[in-house]
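Generate coordinates for the sequence data below:
(one chain, ligands or ions: 1)
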Amino acid sequence: MTNENLGQSKKLAIVYGPELLNYDFGPEHPFGSKRGKVTWELLKALGIPEREDVLNLNTREASNEELRLFHTQDYIDFVESACKRGFGYLDGGDTPAMLGGFEAAKTVVGSSWSICEAVMKGQARYGATIVGGLHHSFPGRASGFCVFNDLAVSIQLLRREFKLKRVAYIDIDAHHGDGVMYGFYEDPNVIFIDFHEDGRYLFPGTGAIHELGRGIATGTKFNMPMPPYSGDQSFIRAWDSLVPQLLHDLKPEFILLQMGVDGHGGDPLTELNYSSASYKHIIRSLREQAEEICNGRLALFGGGGYNLESCALRWTEMIATLIDAELPDFLPDIWRTHYKEITGEEAPVTFQEDSTGDNTLVRVSEMVDWFRMKGYLLA
Ligand SMILES: [Zn+2]
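Now for the predicted structure:
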């Protein structure tokens, strides 16, 4: 990875390095380094990091001072000592304390920030990182595989370092982005829009439609709890009804997208059924909004995704869509060989897959109507 040609603005800044793969909770745990590895190998096999319009950034560790913009010092100390010990959990039993885990978690935060910084400095129009999007982490506790909240720290740094007034955070991970939402629940300058599987069926259980923010922040937090088995039809309807209008009304200066792919059909941990069509649609839509509203400033962060094929194909497709990189009909053989070596499973052959229908559209339309009735969307 090199930081050459920094003076010239590129289309996309991406950050990657072996240090990011150290954010790994072991072979028996669903959140492991293979997710990032299979995706990065596919991006490389397609020549995306080497493109002229792509800026490759080195990973970096966040400082304790940066972490304290969202986390408490007590919690930072707790993670450091628990990871030095190297056994047990940082939370009730989802997020193990691993040797080296403190440094790995700080690297995720620092690297996520580096793509935002590159966009703000005009080195690149958009940013993307595959390992990151740790939206369940709270100021004082780990949760759901998330140690430190790279998204929340980046939001704070955008405001402190670049004096941004208003930032939008959008989350399409199947799980609700509770750490980000409650972290800024009383803050009117963080716009939060989250599409997740209904909390009555999936961890962490939060993100009901009536959770709109508190006090002066009421009307800046929006939750769309998607019914289980929602597919492209319902997701695209929900997205198109909410996102363009809310962003135009609330006018953020920077947009962060947590692009977890655990809502993709075939993910072992959730019951959503999105396909390639949804992911490409939201990237095109969001890029258009970012160009109209905030000078293109848009950064993508990995997030969840526990089917390795979904991670590699959908994240690669999203990044390619963002920069209009053409994708071949068939996946490169060199990547298919790597995939088999890394996962022990047969590799897929193509990016193509059928769009998914559903029988949840009536319920989703009712929820959109609820936002209209409350006056947050035009009739
Ligand atoms: Zn998730």
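
What does N307 show for phi and psi?
Taking degrees, to the nearest 10, you get phi -110, psi 120 for the backbone angles of N307.

of all of the stretch 101-250 of the chain, which residue lies closest to the ion?
Residue nearest to the ion within the stretch 101-250 of the chain (Cβ to the ion): H175, separated by 3.5 Å. The way it works is simple: take the backbone N, C-alpha and C, and place the C-beta from them, glycine included.

What count of nearby residues applies to V54?
Per other Cβ atoms under 10 Å, the neighbour tally for V54 reads 20.

now the one 3 residues further on
When neighbours are defined as other Cβ under 10 Å, L57 has 23 of them.

Make 24 the first number, not 1, from now on.
Right, with 24 as the first residue, what we last looked at is L80.

gap between it and G202?
According to Cβ to Cβ, to the nearest Å, L80 and G202 sit 24 Å apart.

And A127, by the same measure?
18 Å.

now do G230
In terms of Cβ to Cβ, G230 sits 12 Å off from G202.

Kindly report the same for L78.
L78 is 29 Å from G202, by Cβ to Cβ.

now the helices for the stretch 74-223 of the chain?
In the stretch 74-223 of the chain, helices defined by DSSP state H, counting those that start in this stretch lie at 87-90, 96-108, 124-143, 173-185, 201-206, listed in chain order.

Need the residues that contact the first one.
With Cβ atoms under 8 Å, 6 or more residues apart in numbering as the contact definition, helix 87-90 has outside contacts at 96, 99, 129, 132-133, 136, 171, 176, 180.

Can you flag the buried ones in those residues?
For the contacts of helix 87-90, a neighbour count by 16 or more other Cβ atoms under 10 Å gives the buried set as 99, 129, 132-133, 136, 171, 176, 180.

nearest to L345, of these?
Nearest to L345 out of these is W136 (Cβ to Cβ; 19.2 Å).

so who does the closest one touch?
Counting by Cβ under 8 Å, 6+ apart, W136 touches 83, 85, 89, 173, 176-177, 180.

How about A335?
Contacts of A335 (Cβ under 8 Å, 6+ apart): 61-62, 64-65, 362.

same thing but 6 Å
A335 makes contact with 61-62, 65, according to Cβ atoms under 6 Å, 6 or more residues apart in numbering.

Neighbour-wise, give me the winner out of those.
Neighbour tally across the contacts of A335 (other Cβ under 10 Å): the maximum, 28 neighbours, falls on L65.

Am I right that it falls within a strand?
No. Assessed with DSSP: H, G, I helix; E, B strand; the rest coil, L65 is helix; it does not lie in a strand.

what's near enough to touch it?
Residues in contact with L65, defined by Cβ under 6 Å, 6+ apart, are 335, 339, 358.

Wait, a helix at the second one?
Yes. The assignment for T339 is a helix, going by three-state DSSP.

The closest residue to it other than its chain neighbours and P50, how far apart?
Closest residue to T339 apart from its sequence neighbours, by Cβ to Cβ, 6 or more residues apart in numbering: L65 at 4.7 Å. As for L65, its distance to P50 is 21 Å (criterion: Cβ to Cβ).

same deal with F125?
Distance, F125 to P50, using Cβ to Cβ: 20 Å.

So for these two, which sits in the more crowded spot?
Higher neighbour count among F125 and P50: F125, with 23 against 8, using other Cβ under 10 Å.

show me what contacts the closest residue to the more buried one other than its chain neighbours?
Spatially, and ignoring its direct neighbours in sequence, F125 is nearest to C106 (4.1 Å; Cβ to Cβ, 6+ apart). Going by Cβ under 6 Å, 6+ apart, C106 touches 120, 124-125.

All the strands of the stretch 24-173 of the chain, residue numbers only.
33-38, 77-80, 147-152 (DSSP state E, counting those that start in this stretch).

And for the second one, what's in contact with it?
I take that to be strand 77-80. By Cβ under 6 Å, 6+ apart, strand 77-80 touches 24, 33, 35-36, 38, 72, 137, 146-147.

so who does the residue of the stretch 124-273 of the chain closest to the ion touch?
219, 226.

need the longest strand for this structure.
strand 213-220 (DSSP state E).

quick check, distance from it to the centre of its chain.
Here the centre of strand 213-220 is set off from its chain's centre by 11 Å, with Cα atoms, centre = their mean, to the nearest Å.

Give the rounded mean pLDDT of it.
Mean pLDDT, strand 213-220: 98.

tell me, what residue is most central in this structure?
Q281 (2.1 Å; Cα atoms, centre = their mean).

distance of that one from P371?
24 Å.

Ok, Y112 next?
34 Å.

can you give me the helices in the stretch 274-402 of the chain?
299-316, 331-345, 356-366, 384-396.

With respect to M247, which of those lies nearest?
The nearest among these, by Cβ to Cβ, is helix 384-396 at 6.2 Å.

what's the angle from that closest one to strand 213-220?
Angle of helix 384-396 versus strand 213-220, following axes from the mean of the first three to the mean of the last three Cα atoms, to 10 degrees, is 160 degrees.
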